[in-house]
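Student: Provided below are the primary sequence and the corresponding predicted coordinates.
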Amino acid sequence: MAGSMVRGLLFIMLYIAFGQYSIASEIISPGSEWRYFDAADVSSNWYQVNFDDNHWPIGRAQLGYGEGDEVTITKFGPNQADKYPVQYFRINFLHIEATTDKVVLRMLVDDGARVYLNGEVIFEVNLSPNNKAQMLAVNSLIEHVWIEVPLNDIKLNQGENTLAVSVHQLSHKSSDLSFDLALISGSNISQVPLNSRAN
């Protein structure tokens, strides 16, 4: 009897101490592998779920150029004074449950970005709203700083999902481009550190 009580108390103590870490999880981890397009003339349906990205190269984040901290260095084009204004990134991921308590987007980006989930825009930063033809960003974020945005009323499919991101330069002469992203679900997201990495 005493042994059962001790084991019960031990379980409760362990749950209090460590249980909070199990109720938040990374759907997409920082440092994940992405398909990317760093050339001119991307297909108009590049962000759609049924787009075939098998011809795009694969690289692990952080992706970009010009900072020296990239894991995967992307190309900016043949003219250093007239760089490609946009680069494109895609990732497919599995989600077990169709709904979650809370979803947060964490992103490291320079300068602007538009994020699509299963073909629909779910977040824009430093871009004019509802202007998919826009190429250049209208402002820049603080470099090397992650932004964190709660995503309200997004619909994750039970099974496979597609996240697509366009990263926009402030100028054709911009010296660098940076991109990494995490997607986190659960009710205690603050317990997932920003420096966690994909395996």
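Tutor: All right, it came through fine.

Student: mind checking how far residue 175 is from residue 25?
Tutor: According to Cβ to Cβ, to the nearest Å, residue 175 and residue 25 sit 36 Å apart. For every residue, glycine as well, the C-beta is placed using N, CA and C.

Student: buried ones in stretch 71-81, by neighbour count?
Tutor: Using 16 or more other Cβ atoms under 10 Å as the test for burial, stretch 71-81 gives 72, 73, 74, 76.

Student: now, which of those lie within strands?
Tutor: 72, 73 (DSSP state E).

Student: just the buried residues of stretch 71-81 now: which is nearest residue 50?
Tutor: residue 74 (24.5 Å; Cβ to Cβ).

Student: so who does that closest one touch?
Tutor: 36, 38, 59, 63, 64, 65, 87, 177 (Cβ atoms under 8 Å, 6 or more residues apart in numbering).

Student: check residue 138 too.
Tutor: Contacts of residue 138 by Cβ under 8 Å, 6+ apart are 112, 126, 127, 128, 170.

Student: which other helices and strands does the helix or strand where residue 64 lies contact?
Tutor: Taking DSSP states H and E as the definition, one finds residue 64 inside strand 63-65. When contacts are defined as 3 or more Cβ pairs under 8 Å, 6 or more residues apart in numbering; DSSP states H and E, strand 63-65 packs onto strand 72-73, strand 86-95, strand 177-186.

Student: next, format the ones you listed as CSV and append distance to residue 147 and mean pLDDT.
Tutor: As requested, those are exported to CSV (distance: least, Cβ to Cβ, whole Å; pLDDT from 0 to 100):
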stretch, distance to residue 147, mean pLDDT
strand 72-73, 21, 98
strand 86-95, 16, 96
strand 177-186, 10, 92
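
Student: do you know which of those lies nearest residue 29?
Tutor: strand 177-186 (6.0 Å).

Student: adjacent strands (with direction) for that closest one?
Tutor: Here strand 177-186 is paired, per DSSP bridges, with strand 24-28 (antiparallel), strand 63-65 (antiparallel), strand 103-110 (antiparallel).

Student: what residues does the second one touch?
Tutor: Same thing as strand 63-65. Counting by Cβ under 8 Å, 6+ apart, 34, 36, 70-76, 87, 89, 110, 167, 176-180 sit against strand 63-65.

Student: mind running it again at 6 Å?
Tutor: 36, 70, 72, 73, 74, 76, 177, 178, 179 (Cβ atoms under 6 Å, 6 or more residues apart in numbering).
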